[in-house]
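J.: Sequence and predicted structure below; questions after.
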Amino acid sequence: MINQRVKEVVEDLEKTVLDFMTRHKINHDEYRVATKYLVDSIKGGEETLMPDIFLEARATDISNEDRAGSPEGIEGPFYLPGAPVLSAPYVLPQRKDEPGIVMFFRGRITNIEGEPLGNVELDFWHADANGEYSNIHPGIPDWNLRGRIRSEKDGSYEVRTILPPPYEIPKNGPTGRLVNALGRHYFRPAHMHVMLRQPGYEDLISQLYFEGGEYIDNDLASAVRDNLIIKLTHHEGAKDIEKRGLNAPFYEGQYDFVLRPLQAG
Ligand code: MBD
Ligand code: FE
């Protein structure tokens, strides 16, 4: 059965790529290098890394056009379903002396009418202080810095974790070698991934960046948008530190989410 949307976009893509091949005189050897590249990148465990750094941000921009509610951010290649369900007070799973500076991340969740949404699931994942993701990079306990929390009745949420550093993609894999051949650097700015779920509302995939951070203006994936940047406050006063039951300075970041109702039909 003909699918009109598939037909429309695939036939245009086909024509666009064929024209491109003619324009650049892509010969058979080059064609075979390109197809092998795609196979190597997926079989080599990079999952969607290559398309995600080159293309995904455009798809989120298009989804975010003329839309109420919080903007989407790119998902990237490292989300995994089934992260641990945490209990309050929420702390993302971490090693005994997890490297990195403690960060509290909090905010409020409402619908587009401004009504608070309680019991929303927030599913977080981010890199550790070495810029590595659990369940992806070896040598990290499973589900480290991945976990699911829920908002309170008044829509508020708070989770404790550590501030991630900029993320450097693997330099020696297919994607890294391609990036190198283009003369680009390998970095994404520090970021925190979160996916929100609430019955009756659209799932929201977000990714938040930290104001003033390295690579924020120069993201390998070109995915930073002003409305996804949060400002961190640094707390170094003895009273603040004690109140949080800590023994070292920490950060706080805040972001309020607005969920959109599921479209009928
Ligand atoms: C990441 O952590 C990421 O979020 C994206 C989009 C690409 C590569 C690594
Ligand atoms: Fe990431």
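T.: All right, it came through fine. Numbering: from 1, shown residues only. Ligands and ions are numbered 1, 2, ... in the order given.
J.: going forward, measure contacts and count neighbours with C-alpha atoms only.
T.: Will do.
J.: I'd like the mean pLDDT over stretch 31-45, please.
T.: Average pLDDT, stretch 31-45: 94.
J.: got the buried residues for that stretch?
T.: Within stretch 31-45, the residues scored as buried using 16 or more other C-alpha atoms under 10 Å are residue 41.
J.: can you list contacts of that stretch?
T.: Stretch 31-45 has contacts (C-alpha atoms under 8 Å, 6 or more residues apart in numbering) with 47, 48, 50, 173, 174, 175.
J.: Tell me how many other residues surround the residue of the stretch 1-150 of the chain found nearest ligand 1.
T.: When scored by C-alpha to the nearest ligand atom, the stretch 1-150 of the chain has residue 76 as its residue closest to ligand 1, at 3.4 Å. Per other C-alpha atoms under 10 Å, the neighbour tally for residue 76 reads 18.
J.: And it, how close does it get to residue 191?
T.: 11 Å (C-alpha to C-alpha, to the nearest Å).
J.: quick one: what helix or strand has residue 160 in it?
T.: Element membership of residue 160 [criterion: DSSP states H and E] is strand 156-162.
J.: the strands in the stretch 101-250 of the chain, which residues?
T.: 102-111, 121-125, 146-150, 156-162, 167-168, 187-188, 191-197, 204-210, 229-230, 232-235, 250-254 (DSSP state E, counting those that start in this stretch).
J.: Residue 234 touches residue 252, doesn't it?
T.: Yes: with contact defined as C-alpha atoms under 8 Å, residue 234 and residue 252 form a contacting pair (6.6 Å).
J.: Just want to know which of those two has more residues nearby.
T.: residue 252 (17 against 12).
J.: ok, back up a step: got the CA coordinates for the strand holding residue 160 in CSV?
T.: The C-alpha trace of strand 156-162 is given here as CSV (Å, rounded to 0.1, in the frame of the first residue of the first chain):
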residue,chain,number,x,y,z
SER,A,156,7.8,20.9,41.6
TYR,A,157,10.7,18.5,41.2
GLU,A,158,14.2,18.3,42.5
VAL,A,159,17.0,15.8,41.9
ARG,A,160,20.6,15.7,43.1
THR,A,161,23.4,14.7,40.7
ILE,A,162,26.8,16.0,39.6
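J.: That one - what's its average pLDDT?
T.: Averaging pLDDT along strand 156-162 gives 98.
J.: Tell me what angle it forms with strand 121-125.
T.: Relative orientation of strand 156-162 and strand 121-125, computed by axes from the mean of the first three to the mean of the last three C-alpha atoms, to 10 degrees: 20 degrees.
J.: Does the residue of the stretch 1-150 of the chain closest to ligand 1 touch residue 47 like I think?
T.: No: counting by C-alpha under 8 Å, residue 76 stays clear of residue 47, with 9.4 Å between them.
J.: What's the first helix or strand after the strand or helix carrying residue 37?
T.: If you go by DSSP H and E, residue 37 is part of helix 28-41. With elements assigned by DSSP H and E, the helix or strand that comes after helix 28-41 is helix 49-54.
J.: What are the buried residues along that following helix?
T.: Across helix 49-54, burial judged by 16+ other C-alpha under 10 Å covers 49, 50, 52, 53.
J.: ditto for stretch 136-143
T.: 136, 140, 142, 143.
J.: what do you get for stretch 109-123?
T.: 109, 110, 111, 116, 117, 118, 119, 120, 121, 122, 123.
J.: Whether stretch 143-159 contacts ligand 1 - can you check?
T.: No: applying C-alpha under 6 Å from any ligand atom, one finds stretch 143-159 separated from ligand 1 by no less than 12.8 Å.
J.: Determine how far that stretch lies from the middle of the whole chain.
T.: 16 Å (C-alpha atoms, centre = their mean, to the nearest Å).
J.: Adjust the sequence numbering to begin at 22 for everything that follows.
T.: Got it, the first residue is 22 from now on, which makes the last one we talked about stretch 164-180.
J.: on that earlier part again, dump the buried residues of helix 70-75 to a markdown table, plus pLDDT and distance to ligand 1.
T.: Below are the buried residues of helix 70-75 laid out as a markdown table (pLDDT from 0 to 100; distance: C-alpha to the nearest ligand atom, whole Å):
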| residue | pLDDT | distance to ligand 1 |
| --- | --- | --- |
| 70 | 95 | 6 |
| 71 | 96 | 8 |
| 73 | 98 | 5 |
| 74 | 98 | 5 |
